[in-house]
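A.B. asks: model this:
(one chain, ligands or ions: 1)
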Amino acid sequence: MKQNTTCPYCGVGCGVTAELSDQRIIAVSGDSQHPANFGRLCIKGSTLHETTQTEQRLLLPRVDGQNVHWSDAIKAVSSRIRHSLENHGPGSIAMYLSGQLLTEDYYVANKLMKGFLGSSHVDTNSRLCMASTVAGHKRAFGSDSVPGCYEDIELADLIILVGSNAAWNHPILFQRIQATKIQRPQVKVVVIDPRATATCELADLHLAIKPGSDVALFNALLVHLSHSGALDQPFIDQHTEGFKRAVAIAHQDIPDLKTAATLTDVPLADLDTFFDWFTKTPRTLTLFSQGVNQSSSGTDKVNSLINCHLATGRIGKPGSSPFSLTGQPNAMGGREVGGLANQLAAHMEFSPEAINRVQDFWNAPSMAQQPGHKALDLFQAIDRGEIKVLWIMATNPLVSLPNTALIRRALKRCDCVIVSEAMSETDTLTFADIQLPSSTWGEKNGTVTNSERRISRQKGLIKAPGEARHDWEIICDVAKALGFEEGFNFTHPAQVFAEHAALSGFENHGQRSFDISGLSHLSQQEYDQLQPVQWPINQQFPYGRKRLFDDGQFSTPSGRAQFIATETKAPKTLPSAQWPYQLNTGRIRDQWHTMTRTGRAARLFNHRAEPFLDLHPEDAKHHNLYDQDLAELSNHQGRYIGRVRISAAQRKGEVFIPMHWNQQFSGDGYCNALLEGFCDPVSGQPESKQGAVALRAY
Ligand code: SF4
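C.D. replies: Numbering: from 1, shown residues only. The predicted model follows:
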C-alpha cells in the first residue's frame, strides 16, 4: 500500500510517497504531485524508511529513573507544574519546543502555556534558525510573511543565494535552480558566501564576502540603485515609507564602492558585475538562509537585502522577491501558532487587543501578558534559578545551542526537566527528571508549513513503538490533569487544526496576513485528504495564494512597506591574538541537526563519516597539517577535534566545522561549545556563524 506524507527534514517540505507492508515503511519515493518537489527527493529524504527501526527508541515513560505507567507520568508532570505555579508563579515554568513538532503539537503547547498557565516562556529551536527573518519581515512588511513561492525559481532571470548552501541544505530547491539553468542558460546565479560551497558549482559569480559584511554589501547596492535609474519610483512613492532615510544612512555607511570592496573583501570588478546584473534584471530572486540569520546583526542583514527589493519594486511579482529559505520542516508552522516567546498566537503580538481577543477565543483563565524569554535568555533564566520547571520537546539543546557550558549548568540546576523525546539516547535526555516517549515521523499525524507558506499533511502511517504517544495527546492529558478539561478535550489532530484555523480568522477583518480560516470547517476526512496549499486560505483566497504584496498592500499600520535604515556592524566574536581563527559552523549534506534520526541510516555516513574541519591550504601548511590529520580547535569555552580537510574553498584564516556531531557520535567536544552565544538584539537569534578559535595538530 502507498500513502502520501511529507519529509520531516528541511524547510523545502517535499512530498513523500511511503510504501507500507506489514506495519512497516519499506520504501519511500518523491510524491510526483507535490508542488515542492514534483517527485524528487534528496538523499536524506530517500533514506527515511531506513530510520524507522525501533531500536534506540524511548519506549516507556520514566520518572526519576523509574519506568512508570503513563497515568503516573502525567500525574508527575502535572503535580510538578502545579507545585511550581503555586510556589513560584507562572514565570517559573517554561517550554523549549522544536521546528520538528507538528503544528497541532505546537498549538496545544502554546495554548496551555500562554492561555492556561499564564507563562509566555515558550520558545523553540526555530529561534536558532529563522528568528532574524521573522523580525526582518515584521519590520519591513508588518507581518512575518514570505512574499514569494518556489515557482519563482523557474521564473527568475537572476537568482542570488545569500548565506545559503542550498546544494546541501535545500537540495531539491537547488535542483530546481539547476533545471532552470539548463532550460534557460541565460539565467544568472550569484552566490554570496564566505566559502566556495557546493552551491557555487552553479554560480556565474561568487562573492566570497568577509563573514558578517552582508549589510555593507547591500547598503552599497542600495546606494548604487539610487543612482542608476533602477528605482521603481512609483512603487516607492505609493507603497513604501523611509526610502530617503535608508539611502542616506546607507550612503553614510558605505560612501563609495571602494569602501564596499574593503569592508566585504570582494574585488571591485565583482561588485560592479553584481550591481550591474541586479540593476538590469527586473526578475531577481534573492534566496537567503542561515548565513544571514545566524548573526548578531541578522535582522539588519535581512532588512538591508529587503531594502534593495523594495527600492526596485521587486516583491511579490513572478520571479521577483526576497525569499527566506527556512531551515526546519515546521519552523513556519511553529511561528504560525505562536511558538516564539515574543508572539502570542496566529501571528498576533502581545498587544492588549490581541491578548483580549485570544483570551476570548480560548476562554482562557490565565493569559500571559507580555513576551517571554527567547531561547538563550530562557536558559540564562534557568541558570539564575528563576525557572523551576522546563519541558523540552523534540529537540536536543545541549548539542544545538551555543555556550554548551551554560546549557549544561542550567539543565543541572533546573528543579524539574521534562523531556519528550522519540530516541532513547540523546545528550539532553540524560538531564531529564521525567522522560516522555514520543511518536515521530511516520507515526504521527498532523500538518507542517514549508518555506513557501505551503501547509502539507504529515501522516501517521505506522503504530508508534512501545508506549510512545503523540505530543499533542500528552500535552492535552497534562492540561486535563491540571483541571483544564474544557480547553483540551481534543480527540484527533483534525480538531486541533480546525481550532487553530478558526483562531487565525477570529476578529481578523483582513488586518492580519496569516488567515487560514478557510480550513476551519474541515471534517476529519477532509483533513486527512488535505492537499498542499499556501496560506492565506480564507474567503478572498479559498484556494490559497501564491504571492503576497503583489497588490502593494502591506500589513503595517499605514499599509506601506518600511525601508529600515541599516548600518554595518562587525560580528561580536572576532579573532584575536589568542584565538586567531574565525570559526564558521553549518550543516552538511547528509545529516540532520544532532543526528538522532539520520545517524541511524548507515548510508548517510558515506558522505562525511566523522567530525571534520575545513582549512585553507596555507593555514594547514602553517600548522604542518595534512589532509586527514586530526586537529583541535579550542577557545576559553571548549574544544572540538576533527579530521582535517584541506580546501581552497575556505578563506584564509577561517575554519568551517559541522554542527551535527553529538556525544554519541563524536565522543568529545560539540561544535557549539566553541560559540559564545551572542545574540541579535532584535531577534534574539544567536551568532552561530561566528566564533574565534585557536588551532593545533592533535
Ligand atoms: Fe526532505 Fe529537504 Fe531533502 Fe526535500 S530537500 S527530501 S524536504 S531533506
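A.B. asks: what sits against residue 654?
C.D. replies: 194, 195, 211, 581, 582, 583, 584, 616 (Cβ atoms under 8 Å, 6 or more residues apart in numbering). For the C-beta atoms, the positions are set from N, CA and C on the backbone; glycine is no exception.
A.B. asks: quick check: it vs the ligand, distance?
C.D. replies: 27 Å (Cβ to the nearest ligand atom, to the nearest Å).
A.B. asks: what score does that residue have for pLDDT?
C.D. replies: On the pLDDT scale, residue 654 is placed at 95.
A.B. asks: which strand residues bridge it?
C.D. replies: Beta bridges link residue 654 to residue 582, judged by DSSP bridges.
A.B. asks: what do you get for the one 4 residues further on?
C.D. replies: Bridge pairing for residue 658 (DSSP bridges) gives the partners residue 586.
A.B. asks: how many neighbours does it have?
C.D. replies: When neighbours are defined as other Cβ atoms under 10 Å, residue 658 has 21 of them.
A.B. asks: can you give me the strands in the stretch 251-400 of the chain?
C.D. replies: 284-288, 321-324, 389-393 (DSSP state E, counting those that start in this stretch).
A.B. asks: figure out which of those is closest to residue 73.
C.D. replies: strand 389-393 (12.3 Å; Cβ to Cβ).
A.B. asks: quick one on the thing from earlier: deepest-packed of the strands of the stretch 251-400 of the chain, please.
C.D. replies: strand 321-324 (a mean of 28; mean count of other Cβ atoms under 10 Å).
A.B. asks: state the mean pLDDT of it.
C.D. replies: Across strand 321-324, pLDDT averages out at 97.
A.B. asks: what residue of this structure is the furthest out?
C.D. replies: Residue farthest from the centre of the chain, counting by Cα atoms, centre = their mean, is residue 624 at 38.3 Å.
A.B. asks: so what's the nearest residue in space to it that is not next to it in sequence bridging to?
C.D. replies: Closest residue to residue 624 apart from its sequence neighbours, by Cβ to Cβ, 6 or more residues apart in numbering: residue 697 at 6.7 Å. Taking DSSP bridges as the rule, residue 697 bridges to residue 631.
A.B. asks: surely residue 697 and residue 626 touch.
C.D. replies: No. Residue 697 is beyond contact range of residue 626, at 9.5 Å (criterion: Cβ atoms under 8 Å).
A.B. asks: returning to that earlier point: now render the strands of the stretch 251-400 of the chain as JSON lines, adding distance to the ligand.
C.D. replies: Formatted as JSON lines, those follow (distance: least, Cβ to the nearest ligand atom, whole Å):
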{"stretch": "strand 284-288", "distance to the ligand": "14"}
{"stretch": "strand 321-324", "distance to the ligand": "15"}
{"stretch": "strand 389-393", "distance to the ligand": "21"}
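A.B. asks: if we can go back for a sec, and the residue farthest from the centre of the chain, what pLDDT?
C.D. replies: 96.
A.B. asks: quick one: it from the ligand, how far?
C.D. replies: With Cβ to the nearest ligand atom as the criterion, residue 624 and the ligand are 39 Å apart.
A.B. asks: where do the helices of the stretch 401-550 of the chain begin and end?
C.D. replies: Ranges of helices in the stretch 401-550 of the chain, per DSSP state H, counting those that start in this stretch, are 404-413, 471-481, 493-505, 524-528.
A.B. asks: so what's residue 165 up against?
C.D. replies: Per Cβ under 8 Å, 6+ apart, neighbours of residue 165: 193, 195, 197, 198, 199, 289, 586, 587.
A.B. asks: most surrounded residue in the residues you listed?
C.D. replies: Busiest of those [other Cβ under 10 Å] is residue 289, holding 28 neighbours.
A.B. asks: that residue reaches residue 166, doesn't it?
C.D. replies: Yes. Between residue 289 and residue 166 there is a contact at 7.4 Å, judged by Cβ under 8 Å.
A.B. asks: hmm, residue 565 and residue 245 touching each other?
C.D. replies: Yes. Counting by Cβ under 8 Å, residue 245 does reach residue 565; the two are 5.2 Å apart.
A.B. asks: between those two, which has more neighbouring residues?
C.D. replies: residue 565 (22 against 12).
A.B. asks: for the more buried one, which non-adjacent residue is spatially closest?
C.D. replies: Nearest to residue 565 is residue 249, by Cβ to Cβ, 6+ apart, at 3.8 Å.
A.B. asks: what is the neighbour count of the one you found?
C.D. replies: Count around residue 249 with other Cβ under 10 Å applied: 18.
A.B. asks: quick one, phi psi at it?
C.D. replies: Backbone torsions for residue 249, taken as degrees, to the nearest 10, come to phi -70, psi -40.
A.B. asks: per-residue pLDDT, it?
C.D. replies: Per-residue pLDDT puts residue 249 at 98.
A.B. asks: for it, what are its contacts?
C.D. replies: So residue 249 contacts 219, 565, 566, 567 (Cβ under 8 Å, 6+ apart).
A.B. asks: can you list phi and psi of the second one for me?
C.D. replies: Recorded main-chain torsions at residue 565 are phi -70, psi 130, according to degrees, to the nearest 10.
A.B. asks: helix/strand/coil for the residue of the stretch 501-650 of the chain found nearest the ligand?
C.D. replies: The stretch 501-650 of the chain approaches the ligand most closely through residue 592 (7.3 Å), counting by Cβ to the nearest ligand atom. Three-state call for residue 592 (DSSP: H, G, I helix; E, B strand; the rest coil): coil.
A.B. asks: excluding its backbone neighbours, what's nearest it?
C.D. replies: residue 598 (4.5 Å).
A.B. asks: hang on, residue 18 in a strand?
C.D. replies: Yes. Assessed by three-state DSSP, residue 18 belongs to a strand.
A.B. asks: let me see the contact set for the closest residue to it other than its chain neighbours.
C.D. replies: Nearest residue to residue 18, sequence neighbours excluded (Cβ to Cβ, 6+ apart): residue 25, at 4.9 Å. By Cβ under 8 Å, 6+ apart, the contact list for residue 25 reads 18, 19, 48, 49, 52, 442, 461, 462.
A.B. asks: got it, and residue 14?
C.D. replies: Counting by Cβ under 8 Å, 6+ apart, residue 14 makes contact with 6, 7, 30, 31, 34, 36, 37, 40, 41, 42, 45, 172.
A.B. asks: any idea how far the nearest residue to it once chain neighbours are set aside is from residue 514?
C.D. replies: Nearest residue to residue 14, sequence neighbours excluded (Cβ to Cβ, 6+ apart): residue 37, at 3.8 Å. Counting by Cβ to Cβ, to the nearest Å, the separation of residue 37 from residue 514 is 24 Å.
A.B. asks: which one's more surrounded, the two?
C.D. replies: residue 37 (26 against 21).
A.B. asks: the more buried one contacts residue 172, doesn't it?
C.D. replies: Yes. Using Cβ under 8 Å, residue 37 is in contact with residue 172, at 4.8 Å.
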